[in-house]
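Peer 1: Here is my input, please return the structure:
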Amino acid sequence: MSKYVIKGGKPLAGDVIINGAKNAALGIVAAAIMTDEPVTIENLPDVWDINVMLDAIRNMGAIVDRIDKHTVRIVGSMCRSIVEDENMRRMRGSYYLLGALLGKYKQAQVPLPGGCNIGSRPVEQHIKGFRQLGAKVEITYGGIFTAEATELKGSHIFFDIVSVGATINVMLAASLTPGMTILENVAKEPHIVDVANFLNSMGANIKGAGTDVIKIRGVEKLHGSTYAVIPDQIEAGTFMMAAAATKGDLLIKNVIPKHLEAITAKLTEIGAEVIENDDSVRVVATERLTSAQIKTFAYPGFPTDMQPQMTTLLALSNGTSTVTENIFDNRFKYVDELTRMGASIKVEGNIAIITGVSKLTGATICSPDLRAGAALVIAGLVAEGFSTVEQVEYIERGYEEFEVKLKSLGAQIEKVSDDEDEDRVARKMSFAG
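Peer 2: Sure, this is the predicted structure:
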């Protein structure tokens, strides 16, 4: 098990380049096997979730060539409709293969997905959508998600709740389903637009992605394409929060500022300076920030994936803040770790009440999930003394070379694998001051 050793207290400064969006890339990799022609995906993040997905489609029979660290060429002509890779149970995005395979082969069998334990993420809306397209869908003994159809037919589908996963999954299947499919009450996140744009680059006919209604006219087949994944808004937002928390000055490059508007608005509200350029944002904070009230909502609201990082920042801000989590029901597990560092946070149901403190103190803390892990790293960067963040494997699911990027910005952070390395690194940091 790997961990980060961090000596806090240094403001972050410099430039950082944001990688491709993990959540978009998962849907795009799944979509790539829907054609028998070669597909080249650029700006692909080199993170655990994506690499597991690539291994899975390779095991299904696809040809996967890693041209370079961030570019992959996929040929899905030999793909089977059954996913047998047990690693897929450990990641949520695996269910996108169900929609992709159902659309292409009219049948699919995928292990029921897992991912971070941040609360209930039911698949009822996926099942509803597939059934309305004409598929028979079951979750069999052992947690196998199966779907099959003699034929699929376009349908008018109204989602009972806004679901990012169901929106993408049904969109994938509908792209190769004869007739017109209309999806209403859909999610509008940037990565949904990116998956739709990728499918359209392969010959799909999808309109309205990014709005409340998506219209899909099914096509007979898809063709090859070369496509670049959009920048990761959550990675960008994480570095924005890290800059503000450490009273730093960061230029965050390769971003789409419009995707960051909810984050930018809250940072500006509490006293940070955010300067937008065409493809970058600069975040500067020189003084202690003020309190705020945060409520997570589907895009374009404040993203749930930025809630832990924002809570960490508010734990150091002046005054009393509240953070209301409206998306997931188990996303405050990291709060106990922050309180061990001196934060004053009380959780009541889905609301965290935060009384800002002037400082945090280093401690050994454990990452309960991907985004909470990143938030705890930020806490370590601002805490007095040394912190050890355990279970960084969660963080590596969605952040490429996180500690390398932070070190390039002046952070004192090292990834270690055992207690001996931890002690050695701590002594080295102490000597370096």
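
Peer 1: Do me a favour and get the end-to-end distance for stretch 220-227?
Peer 2: In stretch 220-227, first residue to last residue: 21 Å (CA to CA, to the nearest Å).

Peer 1: how distant is it from the center of its chain?
Peer 2: Distance of stretch 220-227 from the chain centroid (CA atoms, centre = their mean, to the nearest Å) equals 25 Å.

Peer 1: Can you list the neighbours in contact with that stretch?
Peer 2: With contacts defined as CB atoms under 8 Å, 6 or more residues apart in numbering, stretch 220-227 is touched by 28, 34-35, 37-42, 175-176, 197-199, 201-204. C-betas here are computed from N, CA, C, even on glycine.

Peer 1: cutoff 6 Å now
Peer 2: Residues from elsewhere that reach stretch 220-227 (CB atoms under 6 Å, 6 or more residues apart in numbering): 34-35, 37-41, 198, 201-203.

Peer 1: do the same with stretch 295-306
Peer 2: For stretch 295-306, contacts defined as CB under 6 Å, 6+ apart pick out 162, 187-189, 234, 237, 262-263, 294, 307, 324-327, 371.

Peer 1: Which ones among those lie within strands?
Peer 2: 294, 324 (DSSP state E).

Peer 1: picking that back up, of the contacts of stretch 220-227, buried ones?
Peer 2: Among the contacts of stretch 220-227, those classed as buried by 16 or more other CB atoms under 10 Å are 34-35, 38-41, 198, 201-203.

Peer 1: Dump these into CSV; add distance to residue 63, secondary structure and pLDDT as well.
Peer 2: Formatted as CSV, the buried ones among the contacts of stretch 220-227 follow (distance: CB to CB, whole Å; DSSP: H, G, I helix; E, B strand; the rest coil; pLDDT from 0 to 100):
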residue, distance to residue 63, secondary structure, pLDDT
34, 15, coil, 98
35, 13, coil, 98
38, 8, coil, 98
39, 10, strand, 98
40, 12, strand, 98
41, 13, strand, 98
198, 19, helix, 98
201, 20, helix, 98
202, 17, coil, 98
203, 20, coil, 98
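
Peer 1: out of those, who's nearest residue 17?
Peer 2: Nearest to residue 17 among those is residue 41, at 18.2 Å by CB to CB.

Peer 1: Apart from its chain neighbours, what residue comes closest to the closest one?
Peer 2: Of all residues not flanking residue 41 in the chain, residue 72 sits nearest, at 5.3 Å (CB to CB, 6 or more residues apart in numbering).

Peer 1: Now for that neighbour, how many residues are close by?
Peer 2: Residues contacting residue 72 under the criterion other CB atoms under 10 Å number 21.

Peer 1: Surely it forms part of a strand?
Peer 2: Yes: looking at residue 72 with DSSP: H, G, I helix; E, B strand; the rest coil, it is inside a strand.

Peer 1: For it, list each beta-bridge partner.
Peer 2: Beta-bridge partners recorded for residue 72 (DSSP bridges): residue 41, residue 66.

Peer 1: For residue 44, see how far away it is.
Peer 2: Using CB to CB, to the nearest Å, we find residue 72 at a distance of 6 Å from residue 44.

Peer 1: Give me the buried positions along the worst-scoring helix or strand of the chain on mean pLDDT.
Peer 2: Least confident helix or strand of the chain, by mean pLDDT, DSSP states H and E, is helix 419-432 with a mean of 71. Within helix 419-432, the residues scored as buried using 16+ other CB under 10 Å are 422, 425-426, 429.

Peer 1: Contacts for it, please.
Peer 2: With CB under 6 Å, 6+ apart as the test, helix 419-432 has contacts from 5, 7, 386, 412, 414, 416.

Peer 1: Please look at the fourth one and residue 7 and confirm they touch.
Peer 2: Which is residue 412. Yes: Residue 412 lies in contact with residue 7 (CB atoms under 6 Å); the separation is 4.0 Å.

Peer 1: Can you tell me the closest non-neighbouring residue to residue 71?
Peer 2: In space, residue 71 comes closest to residue 42 once its chain neighbours are excluded; the distance is 5.1 Å by CB to CB, 6+ apart.

Peer 1: Low-confidence ranges, the stretch 101-250 of the chain, go.
Peer 2: Where the stretch 101-250 of the chain drops to pLDDT under 70, the residues are 113-122.

Peer 1: all helices for it, in order.
Peer 2: With helices called from DSSP state H, counting those that start in this stretch, the stretch 101-250 of the chain shows them at 124-132, 164-175, 190-201, 233-245.

Peer 1: Let me know which of the ones you listed is the nearest to residue 23.
Peer 2: Taking these one by one with CB to CB, helix 190-201 is closest: 4.4 Å.

Peer 1: So which elements touch that closest one?
Peer 2: Applying 3 or more CB pairs under 6 Å, 6 or more residues apart in numbering; DSSP states H and E, one finds that helix 190-201 makes contact with helix 22-32, helix 164-175, strand 206-207, strand 225-228.

Peer 1: Does residue 259 belong to a helix, a strand or coil?
Peer 2: On the basis of three-state DSSP, residue 259 is classed as helix.
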